[in-house]
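Asker: Pasting a predicted model and its sequence here:
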Amino acid sequence: MGITDVHGAVTANMGLGYAGMIADTSGPKDVASRKIETAAVAFGLAVGAGTADGSAKLGGAGFQGITVADKAQVADEYPVGSVAGVIRKGPVWVTVSVDVDPSDPVTFTAATGVIGAGLATTIAGAKFETTATAGNLARVYLG
């Protein structure tokens, strides 16, 4: 049941997180700043290296990390030319493209950045910490 006060209705049961949200504040994390090239990148997607030093993009070379949510951005994405937080180590929430569970390898499709299991590229040292169905949130640990 929600709560209503002078500011309006407040949901009593908030979600666990949202795509690109760092999942907790414990333990070491490694978040790098990368300038986004070629196309806007939504929060919680895997990015590869861009063509310029310190840049990232969808479809880039290798795996640079997963874009971290920045609520200062207007459309829940990083536009071309903006500087994105890219988590390389630590826990982060992502929206998965297929059903996943903790026994699945964490994989992604470079062209779109979507994360799931059984996709084109495996993320070394990563693991799913939760079970999720396609289109829902899963917690990923990048190690």
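Answerer: The structure has been received and is ready for your questions.

Asker: where does this structure have its least confident helix or strand?
Answerer: The weakest-scoring helix or strand in the chain, judged by mean pLDDT, DSSP states H and E, is strand 3-5 (a mean of 58).

Asker: quick one: low-confidence parts of this protein?
Answerer: By pLDDT under 70, the low-scoring segments of the chain are 1-14.

Asker: Do you have the strands of it handy? List them.
Answerer: 3-5, 8-10, 30-36, 41-42, 46-49, 55-57, 61-67, 77-78, 83-95, 105-108, 115-116, 121-128, 137-142 (DSSP state E).

Asker: what residue lies at the spatial centre of the chain?
Answerer: Gly44 (1.9 Å; CA atoms, centre = their mean).

Asker: Surely that one is in contact with Val94?
Answerer: Yes. Counting by CB atoms under 8 Å, Val94 is a contact partner of Gly44 at 4.5 Å. Yep, even glycine has a C-beta here, placed from its N, CA and C like the rest.

Asker: Now list whatever residues contact both of these two.
Answerer: 19-20, 66, 115 (CB atoms under 8 Å, 6 or more residues apart in numbering).

Asker: and the two most separated of these?
Answerer: Gly20 and Ile115 (11.0 Å; CB to CB).

Asker: Mind listing the shared neighbours of the two?
Answerer: 44-45, 66, 94.
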